[in-house]
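In: Take a look and give me a structure for this.
(one chain, ligands or ions: 1)
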Amino acid sequence: MESIAHKRPIIFPKRSRHAERSSCLRCGTCCAKGGAAFHTQDKELIRSGTIELKNLYTLREGEPVHDNVKGILMPAPCDIIKTKRRQNAPACIFFDPEPAGCRIYENRPLECRLLRCWDTRALEARYASDRLTRRDLLSEIGDLWSLVADHQRRCDYRAIWRFLDASPGPPIRRLPPEIHEMIRYDACLRQLMIQKGGMDAALMDFLLGRPLGETLGRFGFGPDTGEIAATPLPSGETAVTGSARLGFGALTARKKSTRS
Ligand code: SF4
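Out: Here you go, the predicted model:
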């Protein structure tokens, strides 16, 4: 039975009042902007089933992600496992807007416990360290982990960065066959795991990350055309380069204002 304690509202203060606060107002602003990423300290929450895998998704290594501390899009340095979003909203799937509350408040992940919007230093200090990965959760499940690891190898985002690095210049560029093959393989494997393997479709975004055909938009690829359309930066966004330190070569990243 669901504990009533889980319904305790978590409300955060309005941004303009952050500097004046020293405690949480439980306004829900943080949860409405997006969910938390998981760290190794959260492993037991997932292993015990307190937080179910079907409520999570994986940003795979190399996938363009919004770094909330640096405020830019950049390739994920490793798996980043996050809570899914509510339908048609950026809010965390565990966030109830009316009245504002976290459905797993007593068992919320580390980032949620560290986040104080009036002083984000504790979260910033832990933000990029000890990320929980799919290997941490699946490596003991031999066949499944082999499948997931093989998918990661065959659908490696670094291949897309390499293609972009090697293709500066014209605004429209055709996707190379190896990336078409990655998209096809990614889609077929999902279908196979659900239809032949009997797996819950809701698990796919955790096991295999989001469908490659959908995430290519963050690279500026059109959805079905097999082409890259030049996508000018919206006003207010700043193009930056410099993923070299992550080993992925140059990339264009954009400053954004919301949680990824
Ligand atoms: S798990 Fe709870 S506290 Fe954390 S972002 Fe989601 S709703 Fe908010």
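In: Check the gap between residue 155 and residue 190 for me.
Out: 11 Å (Cβ to Cβ, to the nearest Å). For the C-beta atoms, the positions are set from N, CA and C on the backbone; glycine is no exception.
In: correction: residue 37
Out: Counting by Cβ to Cβ - residue 37 and residue 190 are separated by 23 Å.
In: what's the answer for residue 210, then?
Out: For residue 210 relative to residue 190 (Cβ to Cβ), the value is 10 Å.
In: Spell out which parts of the stretch 1-150 of the chain neighbour the ligand.
Out: Neighbours of the ligand within the stretch 1-150 of the chain, by Cβ under 6 Å from any ligand atom: 10, 31, 35-36, 83, 92, 94-95, 102, 104, 108, 112.
In: Now pLDDT and neighbour count too, for these, in CSV please.
Out: Compiled in CSV, these are given as follows (pLDDT from 0 to 100; neighbours: other Cβ atoms under 10 Å):
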residue, pLDDT, neighbour count
10, 36, 22
31, 93, 30
35, 91, 26
36, 93, 23
83, 97, 25
92, 96, 27
94, 96, 24
95, 94, 24
102, 92, 22
104, 94, 20
108, 95, 22
112, 93, 21
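In: Strands - which of these land there?
Out: Residues of these located in strands (DSSP state E): 83, 95, 102.
In: Would you map the strands across the stretch 151-260 of the chain?
Out: Here the stretch 151-260 of the chain has its strands, by DSSP state E, counting those that start in this stretch, at 173-174, 227-228, 239-240, 253-254.
In: The ones you listed: lowest mean pLDDT?
Out: Sorting the strands of the stretch 151-260 of the chain by mean pLDDT places strand 239-240 lowest, at a mean of 30.
In: so residue 187 makes contact with residue 211?
Out: Yes: contact criterion Cβ atoms under 8 Å: residue 187 and residue 211 qualify, at 6.6 Å.
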